[in-house]
Structures are given as C-alpha cells and as structure tokens.
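1. Need the 3D shape of this:
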Amino acid sequence: LAFHHYAWLSNQYRTFGEFWEEAPSAQRHSTKMQNSGYFYQSAAKYAARRKEAAMEALDATGLNKLQPTGNIPTSDYLGQVLTEAEQAYRDHASAGGEGSASIHGHVVVQRLLMTEAKHDHSEGVLVLLTRAYENFKRQR
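-> Reported below is the predicted structural model:
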C-alpha cells in the first residue's frame, strides 16, 4: 500500500505549504526551505509517486480493468460500495468461519484500491505544481 503512504506524505507537504503561505512575511526568511513553493513542489513529487504506486498496484490486482456498472449493490454506509468480497466476508464472519480477519484485510485493501482507481492523480499533481510555481514566482 505504498500509494497510501505517498498520499499521506503529499498531504503533509501540502498542508505545511498552506501553513507557510499564511505565515506573516515578516517572520519568514529567504531560504529555499522557507518558501511555500518548496512544500508544494514536494507535495507534487509525492503525488506523482502515489500515482505510480497506485497504477502498479491496480495492474497487479487487475482492478484497473473494472468499469462501474449500474447494478453495484449498496452498503450499510452512505457512499460506500458493497463488493462481492465484502459480502463473502460478512457471510463467512456471521457463520463463525475461521480466517475472517484475513478476508477482512483483503476487503480493506480492495476498497482502498477501488477508491484509488477513481482518484484523478494527474489533476492533483498539476494543481500542486501550479501552486509551487506561483509561490516561487511571488517570493523571488
């Protein structure tokens, strides 16, 4: 789940870039690390790594070939999709079957991958690079 880690790193850098962008200019120094553009650029780098890792994981599992259909069953929770694997886990767990934890782990990974497949990685990278450029240009 490297893509999940890269998403976390990208969000951390983006958040710190936003924080630094809001900092009063009198408290800033002119070093590279103290320019919010640096943090946005780093966030974009990790967003690009997220995309690469997600594509590798989706290719390895075959989930990149899934197309949403109109007859996807709904879940107990708003906004979540009930997959066949999750239904199998519920049936297995309610019957007191062994190995339910490993099936549950598979369901969690499958759900993360399905969510990742819907994410527009390229747009996220472009937004972060644009913000980096704007901040580098402004703080020259």
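
2. count of residues packed around the nearest residue to residue 109 once chain neighbours are set aside?
-> Excluding the flanking residues, the one nearest residue 109 by CB to CB, 6 or more residues apart in numbering is residue 1, at 6.9 Å. Quick note: C-beta positions are derived from backbone N, CA and C, even for glycine. Other residues near residue 1 come to 14 when the count uses other CB atoms under 10 Å.

3. same deal with residue 127?
-> 16.

4. Next, the buried residues of the strand or helix carrying it.
-> In the assignment (DSSP states H and E), residue 127 maps to helix 121-138. The neighbour-count check on helix 121-138 (16 or more other CB atoms under 10 Å) flags 121, 124-125, 127-129, 131-132, 135-136 as buried.

5. Relative to residue 126, how far out is the residue nearest to residue 109?
-> 24 Å (CB to CB, to the nearest Å).

6. And residue 17, by the same measure?
-> The value you get for residue 17 to residue 126, if CB to CB is used, is 15 Å.

7. cool, residue 57 as well?
-> Counting by CB to CB, the gap from residue 57 to residue 126 is 22 Å.

8. Would you map the helices across this structure?
-> Shown for the chain, the helices assigned by DSSP state H span residues 2-22, 36-61, 84-94, 100-118, 121-138.
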